[in-house]
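Participant: here are the coordinates; sequence isn't available:
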């Protein structure tokens, strides 16, 4: 352990790092020698000279050549400048542009040799320069690391500190992976990998070093996840529910539609969990309209046949009411009593429901976060379902779970989560997926229209309205904003009210309305008193109006793919053909790609994978609540194959007796002990 202790010393033991530098490094969360050695570059600069014939458009390159023209300097804005020259590189005459470097006018002399690094525009035969040096290329290395820096720490300084650290303590870096895995995947040893990350000879060296570091990061994380899963299963005694299989089968046969293969598979997984003496901790993913509600109803009924009560918590009152209606229709023939509990249920009615719930006369309670209030007491809660679980905080879900004695828990979401994220973020859960739509369900036709085509779009909407159908019109903002030139709900409501005047009624829905006002508007839309509903994204979750066949989304480029898909899922809930029109004029390539993807597929899981590629994992969930670990080098999207491999290896290790005793796994076991996973503490 001597080597490990050496690496845990403060960076101030290194030559050249005084008190002030140590404080500056601490701002970058570098406190020890080990922190410094593991502070990896986020990219590399390739300064090798390139032949322009082989360079791709927008590639970053370094070229050497002679200045061919006098510098042309132009000023614009406040203290901004653009300096342009022509330069001969081999047989090519190209343009070089320098922004905000007016002093170069006196340095760039015709026929003098210069070396320039920058982005190559193949169409304009232009380099936008980021670096320039007079004379030939004198970089000591063609391939150099670039670090993310703060404060007074410079790139040159950082490279020097890491070089000193390696000189003093490089030999103290020990292998932490078992030899069998290093050999199996032909990985560099840990010392060589860390050295090559900081001092690479060429791109291939970085590739091999990165391969090793990425696998190590994923394996350590997945070991924690799998150990937590094992600990939770072994220390979470659940209720062994004795289900009446005959009654459950009768209930399934009594449903107004046959279950899909995917629904049958998921029902089997849930019923198996209910009957085990371990607490269920399962995530159910299913696209909009895939039939999660039917699966939830079967699970709740199964628990009732075992003598327990069930709870279904949803994010909005409207959704709670809709669930109650659909559940009552399914349960009444089977003498199962459902009740609703939301903040709108008050007075005598509320007191009666709470009393009968405590007495065990209410079998299933459906509601909003009102379910977790202190006054709510169950007689024997056996099964808890949280719908759109990402809308509730961890604490709210925990309080609901504690209303019973270790009840089984099912989380449901209609936001398709890419497999790469599901196995990482929800690694300690079992994941069930309904990846099949009910037979006969029509695909929603999606079109991308430019804003200048608005008249044609409104005529198309009117055609649907004339058939007795209804339409949603979604806007990003409630009212006008100076910062954003986007359509706002108030303006659009006014415009459409004039356009459809005396023909159709236009309603308005947004987040600033009170709960009562929102409910009132939604009830008018549900009962077809309002034909066109102009709304912000508050309708994204939990609104079911089968008569609505038309969705128009203004400024669609402002939404992520997953959100657009959720919005689109508000239509297509009846038997009629439905349509979604994306009004958008995206300037960026990513925005244009989003519109293309939306028109090409209705599969939420395909969309979620593409959304993840376009946005990255942090933005997919929203940084604050993502629960996604920040890896130093690994990228869950681009390195997902390694993630899958690491998860597989971690699962086998945690389940094997050898892992818990063999010396070669000692370092990995120590890591688990340090993070507190083996005491059942949650991962950050």
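Facilitator: Thanks, I have the structure now. Quick caveat, the model's predicted, so the values are computed rather than measured. Numbers count the residues shown, from 1 in each chain.

Participant: After the helix or strand of the chain with the lowest mean pLDDT, which helix or strand is next?
Facilitator: Within the chain, no helix or strand scores below helix 617-621, which has a mean of 49 by mean pLDDT, DSSP states H and E. Sequence-wise, the next helix or strand downstream of helix 617-621 (DSSP states H and E) is helix 640-655.

Participant: For that next one, buried residues please.
Facilitator: Within helix 640-655, the residues scored as buried using 16 or more other CB atoms under 10 Å are 640, 642-643, 645-647, 649-651, 653-654. The C-beta positions use only the backbone N, C-alpha and C, and glycine is treated the same way.

Participant: What helices and strands are in contact with the helix or strand immediately after it in the chain?
Facilitator: Next helix or strand after helix 640-655 toward the C-terminus (DSSP H and E): helix 666-675. In terms of contacts (3 or more CB pairs under 8 Å, 6 or more residues apart in numbering; DSSP states H and E), helix 666-675 is packed against helix 203-234.

Participant: same question for the helix it packs on, mean pLDDT?
Facilitator: The average pLDDT within helix 203-234 is 88.

Participant: That helix to helix 666-675, inter-axis angle?
Facilitator: Between helix 203-234 and helix 666-675, the angle comes out at 60 degrees (axes from the mean of the first three to the mean of the last three CA atoms, to 10 degrees).

Participant: got the angle between helix 203-234 and helix 640-655?
Facilitator: 40 degrees.

Participant: Following element in sequence after helix 203-234, please.
Facilitator: helix 245-253.

Participant: Would you mark the buried spots in that following helix?
Facilitator: For helix 245-253, by 16+ other CB under 10 Å, it's 248, 251-252.

Participant: Count the residues that sit near residue 204.
Facilitator: Each residue near residue 204 was counted by other CB atoms under 10 Å, and the total is 10.

Participant: likewise residue 340?
Facilitator: 21.

Participant: The helix or strand hosting it - contacts with which helices or strands?
Facilitator: Taking DSSP H and E as the definition, residue 340 sits inside strand 338-341. Counting contacts by 3+ CB pairs under 8 Å, 6+ apart, strand 338-341 is packed against helix 317-331, helix 347-359, strand 364-367.

Participant: Relative to the shortest one, what are the paired strands and their orientations?
Facilitator: If you go by DSSP bridges, strand 364-367 pairs up with strand 309-313 (parallel), strand 338-341 (parallel).

Participant: highest average neighbour count across those strands?
Facilitator: Most buried of the strands paired with strand 364-367 by mean neighbour count (mean count of other CB atoms under 10 Å) is strand 309-313; its value is a mean of 27.

Participant: Now do the contacts for the residue nearest to residue 631 when sequence neighbours are not counted.
Facilitator: Nearest residue to residue 631 in three dimensions, chain neighbours excluded: residue 217, at 4.9 Å (CB to CB, 6 or more residues apart in numbering). Residue 217 makes contact with 631-634, according to CB atoms under 8 Å, 6 or more residues apart in numbering.

Participant: Show the buried residues in those.
Facilitator: Here, 16+ other CB under 10 Å leaves 631, 633-634 buried among those.

Participant: Report the rounded mean pLDDT for stretch 22-37.
Facilitator: On average, stretch 22-37 scores 92.

Participant: now the end-to-end length of it.
Facilitator: 14 Å (CA to CA, to the nearest Å).

Participant: which other residues reach that stretch?
Facilitator: 6-14, 17, 39, 148-153, 161-162, 165-166, 168-169, 173, 194, 198.

Participant: now swap in stretch 311-325 and tell me
Facilitator: 293, 296, 300, 327, 338-340, 342-344, 364-369, 371-372, 378, 381, 383-388, 391-392, 400, 403, 515, 518-519, 522, 541-544.

Participant: Ends of it, what's the gap?
Facilitator: End residues of stretch 311-325 are separated by 15 Å (CA to CA).

Participant: what residues are up against residue 155?
Facilitator: Contacts of residue 155 (CB under 8 Å, 6+ apart): 146-147, 149.

Participant: So which of these sit within strands?
Facilitator: residue 146 (DSSP state E).

Participant: who wins for neighbours among the contacts of residue 155?
Facilitator: Busiest of the contacts of residue 155 [other CB under 10 Å] is residue 147, holding 18 neighbours.

Participant: and stretch 292-300, which residues are buried?
Facilitator: Here stretch 292-300 shows 292-300 as buried, counting by 16+ other CB under 10 Å.
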